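Novice: predicted model follows, preceded by the sequence.
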Amino acid sequence: MIKAFYIAKKELGNLFKTPMAYIILFIALSVFNFFFFLIIEENREATLRDVFLVMQFMLITFIPVLTMRTFAEEKQTGTMEFMLTCPIREWEIVLGKFLGNTAFYTIMVLLTSIYYLILKIFSSPDAAQILLGYFAIFLQGTMFIAIGTMISSWTKNQVVAAIITYLVLFVLYFSQAFIKYVGGWMKDAVSAISAINRIEAMISGVVVLSDLVYYLSMALFCLLVTRIIIEKKI
Amino acid sequence: MIETIKINKYFGPDKILSDVSLKINSGEIVGFLGRNAAGKTTLMRIITTYLYPSSGRAIVNGFDTVKEPLNVKKSIGYLPETPPLYANMTVFDYLKFAAQMKGVPLNRRKIEVDKVIWECDIRDVKGKTIATLSKGFKQRVGIAQALLNSPKLIVLDEPTSGLDPLQVLHIRELIQKLKHQMTIILSTHILSEIEQIANRVVIIKKGAIVFDNPIDVVRQNGNSLEKLFLDLHEEEAA
């Protein structure tokens, strides 16, 4: 288990040694800040509900850029051969990579916690609701990271990994829009995988067990698939 | 110490290795020789557990590579054809990370890293970022990571490929130093390298072992490895 943390630490450290980490943080926070001020100005409400919705949507763009290199880069540079011939279990590699990306994402989300402090200065926001909203954004992001990590393990090409991840997240996000065109079990299936509505209850301050199960099971499923893919030595 | 028993390996319909059986004893330095795509790297990858055989078995240091891969991995060091380096890490940080991955205990980690830095003569570059190193130094760092945790077996896939003559000389000297400490398997295209370093040569042709003898046997009757290799690949050379 400790090796997963070493890998996560290495991943996070290496990420901050490249311009990519700073570019993602700069663009993401700029976009979030812009919408935060725009929404607060427009709504005049001491809530981050709409800000979370914007963040959720923007994750579709930022997460593929974050996760594209996870395994694709290791395959491209040959370091995957090193990892897989070290005495480490495959799940430790997958977990380490996932935790490294999640740590970066957590930093990104934590940097937006200043929004709460700004609201607090001018009003009396519902701290519990906002905390739950952050938790929902965290869950959604980690699920997206698990999907991106899985897709990165399919290819050596980072751009291909990013594009496929983007498409998958896009479909997950907008699948609800296609629901009127399908019927029967397809309708149920599309509704079950749709990510867009899952976050709504939590950012409004309500915890729905099925939403928690959705996030956790999707993330776990993707990480298990990743493990199977990197373990495949045929 | 290492035994491969009738190993076959397929990639799709292509047969890469064909009934490869081999025994390597402790302390031997075995050179795998063969043309490109002969199957040398695939055999090495099976020995290091990176690949599973399609059929047959490989036993390394008493452990089956398919059933007990973790135990095999604990007892080997491996330098793939492309040194597996993280370009934006410093040499020291990379080796520290490699030591963590290889399970070197915390209280021995720094000692072990310093030891391989000394052995591979990379003291002057240990604080440098790997991306800034010459190919020769990168190769040494690759060998250094393979030496961490004092493995019983070290597998070097074309350790001198793409290096200039001086760098080749340095790597050869390094391997010479190691030969009294562990079993070494190395692959190369350079016949003279095998003659100088190995005490046994295994020639692989189209996935099968076509020659496996001590290097002294090759030298008997005034023969050379080059002549032997060309004789074995006569129809391809023609």
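Specialist: Structure's in. What do you need?
Novice: list the contacts for B:Ala208?
Specialist: If you count contacts by CB atoms under 8 Å, 6 or more residues apart in numbering or on different chains, B:Ala208 has them with B:Leu17, B:Ser18, B:Asp19, B:Val20, B:Gly39. For glycine as for every other residue, the C-beta is placed from the backbone atoms N, C-alpha and C.
Novice: kindly recompute the last result at 7 Å.
Specialist: Listed by CB atoms under 7 Å, 6 or more residues apart in numbering or on different chains, the contact partners of B:Ala208 are B:Ser18, B:Asp19, B:Val20.
Novice: would you list the phi and psi of the residue in chain B that chain A sits nearest to?
Specialist: Using CB to the nearest CB, B:Pro84 is the residue of chain B that sits closest to chain A, at 3.3 Å. Backbone dihedrals for B:Pro84, given as degrees, to the nearest 10, come out at phi -80, psi 80.
Novice: quick check, pLDDT for B:Asp157.
Specialist: For B:Asp157, the model assigns a pLDDT of 93.
Novice: verify the contact between it and B:Thr41 for me.
Specialist: Yes - under the criterion of CB atoms under 7 Å, B:Asp157 is in contact with B:Thr41, at a separation of 5.7 Å.
Novice: more crowded one of those two?
Specialist: Neighbours of B:Asp157 and B:Thr41, each counted by other CB atoms under 10 Å in any protein chain shown, are more numerous for B:Asp157; the result is 23 against 20.
Novice: need the overlap of contacts for B:Asp157 and B:Thr41.
Specialist: Looking at what touches both B:Asp157 and B:Thr41 (by CB under 7 Å, 6+ apart), the common residues are B:Glu81, B:Ser187.
Novice: about what we covered before: in ChimeraX, select just the buried ones from the contacts of B:Ala208.
Specialist: Provided next is the ChimeraX selection string for whichever of the contacts of B:Ala208 are buried by 16 or more other CB atoms under 10 Å in any protein chain shown:
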select /B:18,20
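Novice: residues near B:Leu166, how many?
Specialist: Counted by other CB under 10 Å, the residues lying close to B:Leu166 total 9.
Novice: for the helix or strand containing A:Leu38, packing partners?
Specialist: Counting by DSSP states H and E, the secondary-structure element that holds A:Leu38 is helix A:19-43. Here helix A:19-43 touches helix A:49-67, helix A:90-111, going by 3 or more CB pairs under 7 Å, 6 or more residues apart in numbering or on different chains; DSSP states H and E.
Novice: closest one to chain B among the ones you listed?
Specialist: Per CB to the nearest CB, nearest to chain B of the helices and strands packed on helix A:19-43: helix A:90-111, 9.4 Å.
Novice: buried stuff in the closest one?
Specialist: Using 16+ other CB under 10 Å as the burial criterion, the residues of helix A:90-111 that qualify are A:90-102, A:104-105, A:108-109.
Novice: and it, C-alpha only, in CSV?
Specialist: Taking C-alpha atoms only, helix A:90-111 is exported to CSV below (Å, rounded to 0.1, in the frame of the first residue of the first chain):
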residue,chain,number,x,y,z
GLU,A,90,-0.7,-3.8,-10.4
TRP,A,91,-3.4,-2.3,-8.2
GLU,A,92,-0.8,-0.3,-6.3
ILE,A,93,0.3,1.3,-9.6
VAL,A,94,-3.3,2.1,-10.6
LEU,A,95,-4.1,3.4,-7.1
GLY,A,96,-0.9,5.5,-7.0
LYS,A,97,-1.6,7.1,-10.4
PHE,A,98,-5.2,7.8,-9.4
LEU,A,99,-4.3,9.3,-6.1
GLY,A,100,-1.6,11.5,-7.7
ASN,A,101,-4.2,13.0,-10.1
THR,A,102,-6.8,13.2,-7.4
ALA,A,103,-4.3,15.1,-5.2
PHE,A,104,-3.8,17.6,-7.9
TYR,A,105,-7.5,17.9,-8.5
THR,A,106,-8.1,18.4,-4.7
ILE,A,107,-5.6,21.3,-4.7
MET,A,108,-7.5,22.9,-7.6
VAL,A,109,-10.8,22.5,-5.9
LEU,A,110,-9.4,23.7,-2.5
LEU,A,111,-8.1,26.9,-4.2
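Novice: helices or strands next to that helix in the packing?
Specialist: In terms of contacts (3+ CB pairs under 7 Å, 6+ apart), helix A:90-111 is packed against helix A:2-15, helix A:19-43, helix A:49-67, helix A:127-152, helix A:209-231.
Novice: in the longest one, what's buried?
Specialist: Right, helix A:127-152. Buried positions in helix A:127-152, judged by neighbour count with 16+ other CB under 10 Å: A:129-130, A:132-134, A:136-152.
Novice: so how far is that helix from its chain's centroid?
Specialist: Once both centres are worked out by CA atoms, centre = their mean, to the nearest Å, helix A:127-152 turns out to sit 5 Å from its chain's centre.
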